[in-house]
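Engineer: Here you go, sequence then predicted model.
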Amino acid sequence: MKQLKWFNKIAYILNIMLVVLTLLGYLLPSMAPKLFPFLSVLTLILPTLLMLNLVFVVYWAIQLKRQVFLSIIVFLIGYTFFTKFYKFTSKNEEVVESDFTVLSYNVRLFNLFNWMPNENVAENIKRFIEEQNPDIICFQEYSKSADYELDDYKFRHIIMHGKKIKTGQAIFSKFRIIDEGEIALPNSDNNVVYADIVKNKDTIRVYSIHLQSVNISPDINEIDESKSKRIFNRLSEAFKVQQLQSELIQAHMEDFKGHKIICGDMNNTAFSYVYKNIIGDMNDAFVEAGKGFGKTYNYKYYPARIDYILVDEVFDVKEFKTYKDFKNSDHFPIMARLNMKDKKKDN
């Protein structure tokens, strides 16, 4: 460091601070938010920390400085974290008859309160569903205000709560549903619903989850300094609630020994304790077959991926799509094409 000029000394100190924060970020998924609420908020900026490490790699590499290895090593240690944030290549295997598709979409009550200046949101979503023709649909923030039927889906499980305004979740399926239920989340307006769906000879439990919201405006311009402390506290409290919710989901899943698919809105990143707790040894369909940032929530300046399709290892994720150009909610629809790895020949 003695051989560095004053500007590079400052840059190196900043690089070291960045490395410490990044390494801490790698540990956060294993740290319960209720024990470390302050630190858990850092999971939201881990992708930014990874990108800044790449900036330092380029900065030192241009000057042929050995300090380049600091961020290179840190980045390589956390490469699996980066693939949850950005995928360079996608996957799109040949379609076979036994494939089936699962779509997840937080529809934001079909624009019931006119958040968007678009009177045709419900009809647009219906047309989108008809065009994509998924076999299974999981809707979060569902409302019957849309006032239409999805005729191709004979089987459905809908749970609505509320007095004047009823909202909830819905699972629509072209395959037969033989059992269904709900996981009530204490002290929350959110919930989890599930349906046991029979495809061929297999029973697949599909969960649609909607975890505690952090209630932050997608317009960053609305966040000023006076609101930042309240937002920070709100995030910390929301993550503690999400921890309890994820533990309830995890315990419920352990009681079912069949194949599972989890869809929905976690309101948290893929670097969080909540995500790690729920995914367990399952696979993230975006990581398996997606491409790009996989942005699912319409933050203006940040590619937030908070909606997921998670599948047991028995499923082969043959294709994954994020419909980021379909702007009829504050979320974007996601869809995965799946097949049973050990059942292809039998199907």
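Structural biologist: Received, thanks. Only a predicted model underlies this, so the values are computations on that prediction, with no experimental measurement involved.
Engineer: When you work out contacts or count neighbours from here on, use the C-alpha atoms and nothing else.
Structural biologist: Will do.
Engineer: Packing partners of the longest helix along the chain?
Structural biologist: The longest helix of the chain (DSSP state H) is helix 225-254. In terms of contacts (3 or more C-alpha pairs under 8 Å, 6 or more residues apart in numbering; DSSP states H and E), helix 225-254 is packed against helix 37-40, helix 273-279.
Engineer: could these be laid out in TSV, adding distance to F113 and mean pLDDT?
Structural biologist: Putting the helices and strands packed on helix 225-254 into TSV (distance: least, C-alpha to C-alpha, whole Å; pLDDT from 0 to 100) gives the following:
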stretch	distance to F113	mean pLDDT
helix 37-40	32	78
helix 273-279	30	96
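Engineer: Which one of the ones you listed lies nearest to S246?
Structural biologist: helix 273-279 (5.8 Å; C-alpha to C-alpha).
Engineer: pull the CA atoms of that closest one into PDB?
Structural biologist: What follows is helix 273-279 as a C-alpha-only set of coordinates in PDB (Å, rounded to 0.1, in the frame of the first residue of the first chain):
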ATOM      1  CA  TYR A 273     -32.700 -15.600   5.300                       C
ATOM      2  CA  VAL A 274     -36.300 -16.000   4.300                       C
ATOM      3  CA  TYR A 275     -35.500 -17.200   0.800                       C
ATOM      4  CA  LYS A 276     -32.900 -19.600   2.100                       C
ATOM      5  CA  ASN A 277     -35.300 -21.000   4.700                       C
ATOM      6  CA  ILE A 278     -38.100 -21.600   2.200                       C
ATOM      7  CA  ILE A 279     -36.000 -22.900  -0.800                       C
END
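Engineer: on that earlier part again, downstream of the longest helix of the chain, the next helix or strand is which one?
Structural biologist: strand 259-265 (DSSP states H and E).
Engineer: Go ahead and confirm L28 touches V274.
Structural biologist: No. Applying C-alpha atoms under 8 Å, one finds L28 not in contact with V274, separated by 10.4 Å.
Engineer: May I ask which helix or strand of the protein has the lowest mean pLDDT?
Structural biologist: helix 37-40 (a mean of 78; mean pLDDT, DSSP states H and E).
Engineer: Residues in contact with that one: which ones?
Structural biologist: 28, 31-33, 236-237, 239-240, 272 (C-alpha atoms under 8 Å, 6 or more residues apart in numbering).
Engineer: so where's the protein uncertain?
Structural biologist: 1-2, 216-227, 342-347 (pLDDT under 70).
Engineer: let's see it at 80
Structural biologist: By pLDDT under 80, the low-scoring segments of the chain are 1-3, 37-39, 146-148, 163-164, 215-232, 301, 342-347.
Engineer: For it, which segments count as strands?
Structural biologist: Remark: strands assigned in the chain by DSSP state E are 100-106, 136-142, 155-161, 167-173, 176-184, 191-199, 202-210, 259-265, 283-284, 307-311, 315-322, 334-340.
Engineer: okay, these, which one's buried deepest?
Structural biologist: By mean neighbour count, with neighbours taken as mean count of other C-alpha atoms under 10 Å, strand 307-311 ranks first of the strands of the chain at a mean of 26.
Engineer: Please name every helix or strand in contact with it.
Structural biologist: strand 100-106, strand 259-265, strand 283-284, helix 285-289, strand 334-340.
Engineer: let's see 7 Å
Structural biologist: strand 259-265, strand 283-284, helix 285-289 (3 or more C-alpha pairs under 7 Å, 6 or more residues apart in numbering; DSSP states H and E).
Engineer: Of all those, which one is nearest F85?
Structural biologist: helix 285-289 (8.5 Å).
Engineer: Dump the least confident helix or strand of the chain to PDB, restricted to CA.
Structural biologist: The C-alpha coordinates for helix 37-40 follow below in PDB (Å, rounded to 0.1, in the frame of the first residue of the first chain):
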ATOM      1  CA  PRO A  37     -32.700  -6.900  12.200                       C
ATOM      2  CA  PHE A  38     -30.200  -4.100  11.400                       C
ATOM      3  CA  LEU A  39     -27.900  -6.400   9.400                       C
ATOM      4  CA  SER A  40     -30.700  -8.100   7.500                       C
END
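Engineer: about what we covered before: and the longest helix of the chain, which residues are buried?
Structural biologist: Across helix 225-254, burial judged by 16 or more other C-alpha atoms under 10 Å covers 235-246, 248-249, 253.
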